[in-house]
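Chemist: when you get a sec, could you give me coordinates for this:
(2 chains)
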Amino acid sequence: MLVPVAIFFLALGLIAFEVLDKALVALGGAVLVVLLGFLTPEQALEAVDFETIILLMSMMMLVEISRKSGIFSWLNVRLVSITRGNPLAIAIIFSIITALFSAFLDNVTTIIIVVPITIELFRGLGRDPKPIILQEILMSNIGGALTLIGDPTHIIIGNAAKLTFNEFIVNLIVPVGGSIVALIGVFVIFRWKHLKPIANNLKTLLLSNMLIRKLEYEFLNIELSKSFIVKSLAVIGITLTGFALQTQLGLPVHIIGLAGALLLAIICAKNIHVHDALKGVEWTTLLFFAGLFVMVGGIEHTGILDSISRYIVSSSSDFGMIVMYVLWGSAFISMFLDNVGFVTVMVPVIMGMEVQLAGEPHVQLLWWALALGAVMGGNGTIIGASANVVGCDLAKKHGAPIGFFEYSKYAFPTAMVAMLICTAYLLFRINS
Amino acid sequence: MLDRFSMVMGEIEKDLGTNDLNILVLTALRDSIAHYKGRTVEELTSQLEEIIHIFNNTEPRYAIVIFNVHTVYREIKNILQKESGIKHDFGSFQKAIVSCVNDLLQSALELGDQILERAEALNLEGKTVLIHDHSHTVQDVLYRLKKKGQKFRVLVAEQDMEKTLRNIERLTAYEIPFQVVPAHMLSNMEDEIDMCFFGALTLKSTYDFVVDTGTNAIISEFHLQKKPIYIFLSGSKFSLWKAKKKEETRRQIHTRKHPSKKIHFERFKFSHDRVPLSSVDVVVTEDGIFDGHGTAKLYQKKFKEHEDLLREINGI
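Modeler: Below you'll find the predicted structure:
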C-alpha cells in the first residue's frame, strides 16, 4: 500500500535535487506504478487529466505566439517610459504589471519578459537590481493566483472542483489584491532608501532618461507588425471573454483555450510558422503532468488519501480550523516541495473532505484555501515555485546572484504577510 | 556617476553610433530639464554645470555631445547676463533652456540630411563600393545615391557578425545589390573594388580618425592599391581639444574556452582603430567635400571656434 507513496516521494526527491529531468522522473514513476500492478494501463490512462494538459498546452501556444508579436516587450518598455526613471514609480508599476501579466500568462513567461528590462535599467542607474527582481518574482506568483489560468495548480484545482474562470476571480480578488497592495507597501517601506524621487536630481534624471531611450532601442529594435499585434490582442481578448462566459457557452475551459490557440495560430500563420509556435509549448512539463497524474492515481487506489481526508476532518470540530490546516499546511509544504505535485495529491484529499463535510455551507473554501496556500507558500523559498528559480537564474546571468538564504530573508516574511491576509479573508468568509 | 555615464554612453555608441548617441543624449537632456523639479535658477544652473563637467570627462569623450552641452551653457550664461540684477523666474528659465536644447536637437536631426546633400555630388555609376563598419551615414549616402538613380554595387567586408548583419539588413531594406566577403580575403577582390566608404567617430587634434576596429587594416590595404578612400563625418564630431596621447584605444582581455577541448585562452579585443588623415582621400562633411589638406583647415577653423566659445563662456 505504501509503495505508490514511496514512488511518488522518491520522484519528488529526484526532481527537487535535479537528478534527472522532471518529465523522465514523473513518467518513470508512472510506468513503475503500472508495471508493479498498482494501476492497470486503462486505469492509468483514466487518471491522466487530459483537460488540464490540453488547457496548459493551449495557453502555452497562445502566449508563445503573442510573445513573438512583441506586444509584451512593447508594453513593458512603454511603461518604463511613463515612469521617467523614477525608482518609486518603477517599483510600483513593475509590481502591478508583473502581477497582471502573471494572472493571464504563465509565471515563468512573465518573469522572462519583465526581469531583463528591470535589470538593465537598475544596473545602468548604478543601483542593485536584486530587490526589484525579488519583488517581481513574488508578484508573479501572487498575480498568478488570481485566475484559473494564472498558475498550473489553479488549472488542476479548477478542473477537479469544476470551478469556473469567473469563480476564481470573484473568490480570489480580495486576498490576491490585498496581498499585492500589502507587498508593494512592504517593499516601499523597506527599500525607501533606494526609491527616493529623482526629479530634483538632474544628473540621475538625465541618466534615467538615457537608459530608458536605450531600452526602447534594445527591446523594440524589432519590426513590430501592427496586424500581428492586433490579431494577438484580439484573440487573447476573445479567449478571455470565452473563459468568462464558459457557463453561458456551455463549453469547458480547455476547449475554449484550445479554440483560442488554434484560431491565433491559423490567422497568424504568415507571421509565425506553427513549428515555432509549438516550440513554445513545454512538452516536458506536459509529460511531467501526465506522469504525476498517474502516480497520484496509484496513491489514490491505495485508499491512503481517503484516510488523510478523514484524519484532517476529524482533527477539529471547527470548520474554520480545518480550513486553516489546509491553508497553512499547503503553504509550508509548497515552500519545499513542488506545488504542482502537492496540489495533485491534495485534490482527491479535498474531494474526500468535501464528501465528509457535505452539510457545511462554506465547504468550497477548502479549494480556495488549497489554491491560496499552494501559491502563496511557493513564494517562501527559492525552490517553492518555477518562477523563483527562473528569476534567480536570470539575476545570476546578469551578475546579480540571489542565494537561497538571501531570497528567503526577504521572501519568507513577505509570504507570511500574504498568508495572514489570506487567513483573515477566509476566516471572514467562514464567519459571514 | 561619471563611470555610469561613461558606461551607458559607451554602450549606446557601440549599438547606435555617434550621431544617434548625440540625438539620444539631447532628447534625454531636454526631457530631464523639462521634468526637473527645482526651486531656483541657481540650483538648475549648478546641476547643469555638473552635467557639463561629466560630459567633458567621460571616458571616452564624445566631441559632438561636448559641443552641444557647451552651446547650452553659453545660452544659460547669455540669459543670466541679459537679466542680471533681476530675480530670475525659474519656470521661464527652465523653458528657455528646454527650448535651446530642442533647437540643438532639431539641428542634430537635420545634420544627417546636410551630409547627404553634399554626398549627392559623388558619382558611383557602374562602380563597386566597399563598406566595412556599420556607419548609418554611409548607409544613408548609398541609399540617397540609389534614389537619385545611380546604379552601383556594394561589397560588404564581413567583420563582427552582428555589425555585418545590420549592414546586410539595411542594404536589403534599401534594395541595394550587395555581396559579402570576409575582411581577411579582400586581397582577392582588390581589382573589383573602385572606392571605399567608411564612417568615423571623430577626428582628433593629431589628425587621426577614430574608426571601427578592422578599418585601419582595410584602409591601409586599399590606400596602397590607390583606391579612393572616403570618410563621411559631421564636423560637429571633431574632437576640439588637444589629444593627450596618440593612441587611446581601450583593450579588453577575455578568457575564452575552446568549444570542444579543455583549452582556455586569452582573447584581446580593442575598442577602436586610428587612421591617419594622410591615408584618406576624401572627407565628406555637412560643410562640404574636402581632401586631406582641406579637412585639416576645416578642423583648425572649428578648433578655433570652440576655443572662442569656451573663452566666451568663461568670460561671461
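Chemist: what's the neighbour count on the residue in the stretch 1-150 of chain A that chain B sits nearest to?
Modeler: Residue nearest to chain B within the stretch 1-150 of chain A (Cβ to the nearest Cβ): residue A:126, separated by 4.8 Å. Where you see a C-beta, it was placed from the backbone N, CA and C, and this is true even at glycine. The number of residues packed near residue A:126 is 14, by other Cβ atoms under 10 Å in any protein chain shown.
Chemist: ok, the one 4 residues further on next?
Modeler: Look at residue A:130: counted by other Cβ under 10 Å, it has 18 neighbours.
Chemist: OK, contacts around it?
Modeler: By Cβ atoms under 8 Å, 6 or more residues apart in numbering or on different chains, the residues touching residue A:130 are A:395, A:400, A:402, A:406.
Chemist: select only the buried ones of these in ChimeraX?
Modeler: Per 16 or more other Cβ atoms under 10 Å in any protein chain shown, the buried members of those correspond to this ChimeraX selection:
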select /A:395,400,402
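Chemist: minimum pLDDT in the contacts of residue A:130, which residue is that?
Modeler: In terms of pLDDT, residue A:400 ranks lowest among the contacts of residue A:130, with 82.
Chemist: measure that residue to chain B for me?
Modeler: Using Cβ to the nearest Cβ, to the nearest Å, residue A:400 is found at 16 Å from chain B.
Chemist: thought that residue was touching residue A:127?
Modeler: No - if you go by Cβ atoms under 8 Å, residue A:400 and residue A:127 don't touch, sitting 10.6 Å apart.
Chemist: where does the stretch 101-250 of chain A come near chain B, residue by residue?
Modeler: Contact residues (Cβ under 8 Å from any Cβ of the partner chain) of the stretch 101-250 of chain A with chain B: A:124-126, A:197, A:199-203, A:205-214, A:217-218.
Chemist: what sits against residue B:135?
Modeler: So residue B:135 contacts B:17, B:197-200, B:212, B:232 (Cβ under 8 Å, 6+ apart).
Chemist: equivalent analysis for residue A:119, please.
Modeler: Counting by Cβ under 8 Å, 6+ apart, residue A:119 has contacts A:129, A:133, A:394-395, A:398, A:400.
Chemist: where does pLDDT dip in the chain?
Modeler: Went with chain A since none was named. For chain A, the stretches flagged by pLDDT under 70 are A:220-223.
Chemist: hmm, I had chain B in mind actually
Modeler: B:83-88, B:244-249, B:314-316.
Chemist: longest helix in the chain, please.
Modeler: Using chain A here. Across chain A, the helix with the greatest residue count (assigned by DSSP state H) is helix A:404-431.
Chemist: ah, no, chain B please
Modeler: Taking DSSP H as the criterion, chain B has its longest helix at helix B:90-119.
Chemist: mind listing what the helix or strand following that helix pairs with, with the direction of each?
Modeler: Following helix B:90-119 in sequence order, the next helix or strand is strand B:128-131 (DSSP states H and E). With DSSP bridges as the test, strand B:128-131 is paired with strand B:153-158 (parallel), strand B:195-199 (parallel).
Chemist: possible to save those as CSV with mean neighbour count?
Modeler: Below are these laid out as CSV (neighbours: other Cβ atoms under 10 Å in any protein chain shown):
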stretch, mean neighbour count
strand B:153-158, 21
strand B:195-199, 24
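Chemist: kindly report the residues of the stretch 251-400 of chain A close to chain B.
Modeler: So the stretch 251-400 of chain A never meets chain B (Cβ under 8 Å from any Cβ).
Chemist: from the stretch 251-400 of chain A, which residue is nearest to chain B?
Modeler: Taking Cβ to the nearest Cβ, the stretch 251-400 of chain A has residue A:399 as its residue nearest chain B, at 13.1 Å.
Chemist: quick one: secondary structure of that residue?
Modeler: coil (DSSP: H, G, I helix; E, B strand; the rest coil).
Chemist: what is the neighbour count of it?
Modeler: Number of residues near residue A:399 (other Cβ under 10 Å) recorded here: 9.
Chemist: where does it fall, phi/psi-wise?
Modeler: Per-residue torsions, residue A:399: phi 80, psi 20 (degrees, to the nearest 10).
Chemist: show me the contacts for it.
Modeler: residue A:123.
Chemist: swap the cut-off to 10 Å and go again
Modeler: A:119, A:123, A:129 (Cβ atoms under 10 Å, 6 or more residues apart in numbering or on different chains).
Chemist: switch the residues you listed over to a markdown table; also include secondary structure.
Modeler: Formatted as a markdown table, those follow (three-state DSSP):
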| residue | secondary structure |
| --- | --- |
| A:119 | helix |
| A:123 | helix |
| A:129 | coil |
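Chemist: distance of the nearest residue to the residue of the stretch 1-150 of chain A closest to chain B once chain neighbours are set aside from residue B:35?
Modeler: Counting by Cβ to Cβ, 6 or more residues apart in numbering or on different chains, residue A:126 lies nearest to residue B:4, which is 4.8 Å off, once chain neighbours are set aside. Going from residue B:4 to residue B:35 by Cβ to Cβ, to the nearest Å gives 19 Å.
Chemist: just residue B:270 next, same as before
Modeler: Where residue B:35 is concerned, residue B:270 sits at a distance of 38 Å (Cβ to Cβ).
Chemist: so which of these two has more stuff around it?
Modeler: Using other Cβ under 10 Å, the more surrounded residue of residue B:270 and residue B:35 is residue B:35, with 18 against 11.
Chemist: who's in contact with the more buried one?
Modeler: With Cβ under 10 Å, 6+ apart, residue B:35 has these contacts: A:84-86, A:198-199, A:202, A:205, A:208-209, B:94, B:98.
Chemist: now do the contacts for the residue located most distally from the centre of chain A.
Modeler: The outermost residue of chain A relative to its centre, with distances by Cα atoms, centre = their mean, is residue A:202 at 39.7 Å. Shown in contact with residue A:202 (Cβ under 10 Å, 6+ apart): B:29, B:32-33, B:35-38, B:43-44, B:46-48, B:50-51.
Chemist: JSON lines for the residues you listed, including secondary structure and distance to residue A:69?
Modeler: Formatted as JSON lines, the contacts of residue A:202 follow (DSSP: H, G, I helix; E, B strand; the rest coil; distance: Cβ to Cβ, whole Å):
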{"residue": "B:29", "secondary structure": "helix", "distance to residue A:69": "33"}
{"residue": "B:32", "secondary structure": "helix", "distance to residue A:69": "32"}
{"residue": "B:33", "secondary structure": "helix", "distance to residue A:69": "36"}
{"residue": "B:35", "secondary structure": "helix", "distance to residue A:69": "31"}
{"residue": "B:36", "secondary structure": "coil", "distance to residue A:69": "37"}
{"residue": "B:37", "secondary structure": "coil", "distance to residue A:69": "37"}
{"residue": "B:38", "secondary structure": "coil", "distance to residue A:69": "42"}
{"residue": "B:43", "secondary structure": "helix", "distance to residue A:69": "45"}
{"residue": "B:44", "secondary structure": "helix", "distance to residue A:69": "43"}
{"residue": "B:46", "secondary structure": "helix", "distance to residue A:69": "47"}
{"residue": "B:47", "secondary structure": "helix", "distance to residue A:69": "41"}
{"residue": "B:48", "secondary structure": "helix", "distance to residue A:69": "42"}
{"residue": "B:50", "secondary structure": "helix", "distance to residue A:69": "43"}
{"residue": "B:51", "secondary structure": "helix", "distance to residue A:69": "39"}
